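J.: Pasting a predicted model and its sequence here:
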Amino acid sequence: MAAAVPSGYAPPLPTTILNLTAGTHFGPFTLRLRLRLRPHRAAAVTAAAATLREVCAGRVPDHVLQRAEEVGYVVPTEVQEQSLPLLLSGQDCILHAQTGSGKTLAYLLSVFSAIDFGRSSVQALVVVPTRELGIQVTKVARILAAKACTVMALLDGGMLKRQKSWVKAEPPAIIVATVPSLCQMVERRAFTLQSVRVLVIDEVDFIFGSSKQVSSLRKILTSYSAASNRQTIFASASIPQHNRFLHDCVQHKWTKSDVVHVHVNPVQPMPAHLCHKYVICTKKERLHVLLSLLESDAPKSAIIFVAEQSERSKKEGNPPSTAVVVEFLRSSYKGSLDVLLLEEDMNFNARAASFSEVKGRGFMLVSTDIASRGFDLPQTSHIYNFDLPKTATDYLHRAGRTGREPFSRLECSVTTLITEDEHFVLQRFQNELKFHCVELPLESMFTFNS
Ligand SMILES: Nc1ncnc2c1ncn2[C@@H]1O[C@H](COP(=O)(O)OP(=O)(O)OP(=O)(O)O)[C@@H](O)[C@H]1O
């Protein structure tokens, strides 16, 4: 999973602003620290960049750092460089940084710095919105842990009975869980969260925004454990109204009052090395335009995002658009990539099979937004929005599935298919996320195809 860092690595160009906002012990919001670095100052900081080992010295066990180096985590990314000194001192933190910026390693190193490897109890909990993200985080945590502690994934309702007895017999030090699985386990008294020293909520805006998960998340944050007894870390590439969120964290006691907001690249939420394009076509033309794009782009690996089927369309007995796209590509696409499907309605095993198939070889994954959060498949060179995302945040997370190798500046592309009427929506996303999208003329598609 880790992208190896080339030996002649030159540090990436710096962002211009380091934005730390903190409450104080005198009162949550009596003083705010807002630190702005001018470009030349930021460059100086990055040029003198320490290694990951130096940043973590004395806080993260040596065997964990050694594993990190072995898999290629040698130089910290910007979010790691900025957040690790705070995280490793036990500070509650909101990690707010671009997609693919390395937030996972930042919070996992904090987890490893806090746990007692000799103790048999659940000491750290990472809460994720989807099983796929859970599988990924578990994998990185297990790589770093080697055999020094147990990492358990609670992601599948069907497995919980068996896992309940495992947790009781031999409590894992780290649990990675989806919200429903975690709550089921706690409610069945498999374990309590009293001994948890670090609680991480990944993709926090997504979980808070999900009507199915929000009340359970609130219980995890306040009823099952107390902020005063643990370090709380929230992570996401998008935290809408982050000042309001910061206020809520203190007000609702989700965190301690001195929680810090580490906001990397606030001016440019979208990774700079993505190339954005769009094609205006009718709904009927879309499948052929997609095929034409795939033929001309020849992606290394691609994700094609398709809208979830509406309840109305289900009732009318229509096939979901995902199935239509998969079927079309399987019969018309002549390239070498495997066409795979991933969507919510698939059962756990089918989803896990699709997910493991995309690892390690060229793929063309047709998926709903389920694959837009946290999915880390660094070989993904192209993203296609077969349907326009609903919001700018959805666009950001879909686009962020490509360009994920932190120190690579290879241009990766995001192409959106829109109708004439949807043009203004895409323009709104560009204004909000501050990126530029280039139009590909429809005629060029059909010239290529013929
Ligand atoms: N210090 C590092 N050196 C090299 N590669 C790294 C480093 N840190 C993280 N990576 C790699 O960068 C990629 C992106 O990291 P990660 O999945 O943590 O991003 P993220 O910030 O959580 O993104 P998202 O918001 O999309 O979930 C991964 O493939 C990871 O292995």
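T.: Cool, the structure landed.
J.: Could you tell me how far Gln241 is located from the ligand?
T.: For Gln241, the distance to the ligand under the criterion CB to the nearest ligand atom, to the nearest Å works out to 18 Å. Using the backbone N, CA and C atoms, a C-beta is placed for each residue, glycine as well.
J.: With Trp254 instead?
T.: From Trp254 to the ligand the distance is 20 Å (CB to the nearest ligand atom).
J.: Spatially, what comes nearest to Thr416 if we skip its sequence neighbours?
T.: On the basis of CB to CB, 6 or more residues apart in numbering, the spatially nearest residue to Thr416 that is not a chain neighbour turns out to be Asn385, at 4.0 Å.
J.: typo on my end, it should be Ala323
T.: For Ala323, ignoring the flanking residues on the chain, the nearest one in space by CB to CB, 6+ apart is Leu341 at 7.4 Å.
J.: Over to Arg218?
T.: In space, Arg218 is closest to His252, 7.6 Å off (CB to CB, 6+ apart).
J.: what distance separates the helix or strand where the residue nearest to Ala323 lies from the middle of the whole chain?
T.: With elements delineated by DSSP states H and E, Leu341 resides in strand 338-342, which encompasses its position. For strand 338-342, the gap between its own C-alpha mean and the chain's C-alpha mean amounts to 20 Å (CA atoms, centre = their mean, to the nearest Å).
J.: Pull out the buried residues from that strand.
T.: Val339, Leu340, Leu341, Leu342 (16 or more other CB atoms under 10 Å).
J.: repeat for stretch 228-248
T.: Buried residues in stretch 228-248, defined by neighbour count with 16+ other CB under 10 Å: 230-239, 242, 245-246.
J.: what does the average pLDDT come to for it?
T.: Averaged over stretch 228-248, pLDDT sits at 95.
J.: Same check on stretch 215-223?
T.: The model assigns stretch 215-223 a mean pLDDT of 95.
J.: Which residues outside the strand or helix carrying Arg67 are in contact with it?
T.: For Arg67, the enclosing helix or strand under DSSP H and E is helix 62-70. Helix 62-70 is contacted from outside by Leu52, Arg53, Cys56, Val74, Leu105, Leu109, Phe112, Ile143, Leu144, Ala145, Ala146, Ala148, using CB atoms under 8 Å, 6 or more residues apart in numbering.
J.: So that helix, near the ligand or not?
T.: No: for a cut-off given as CB under 6 Å from any ligand atom, helix 62-70 has no contacts with the ligand; the smallest distance is 7.9 Å.
J.: re earlier: nearest to Val214 among the buried residues of strand 338-342?
T.: Of all the buried residues of strand 338-342, the one sitting nearest Val214 is Leu342; the distance, using CB to CB, is 24.2 Å.
J.: Give me the phi and psi angles of the nearest residue to the closest one once chain neighbours are set aside.
T.: If the residues on either side of it in the chain are set aside, Leu342 comes closest to Ser367, at 4.2 Å by CB to CB, 6+ apart. The phi/psi pair for Ser367 (degrees, to the nearest 10) reads phi -150, psi 160.
J.: What sits closest to the residue of the stretch 201-350 of the chain found nearest the ligand if chain neighbours are left out?
T.: Sorted by distance to the ligand under CB to the nearest ligand atom, the residues of the stretch 201-350 of the chain start with Ala237, at 3.9 Å. With CB to CB, 6+ apart as the criterion, Ala237 has its nearest non-adjacent residue at 4.5 Å, and that residue is Thr99.
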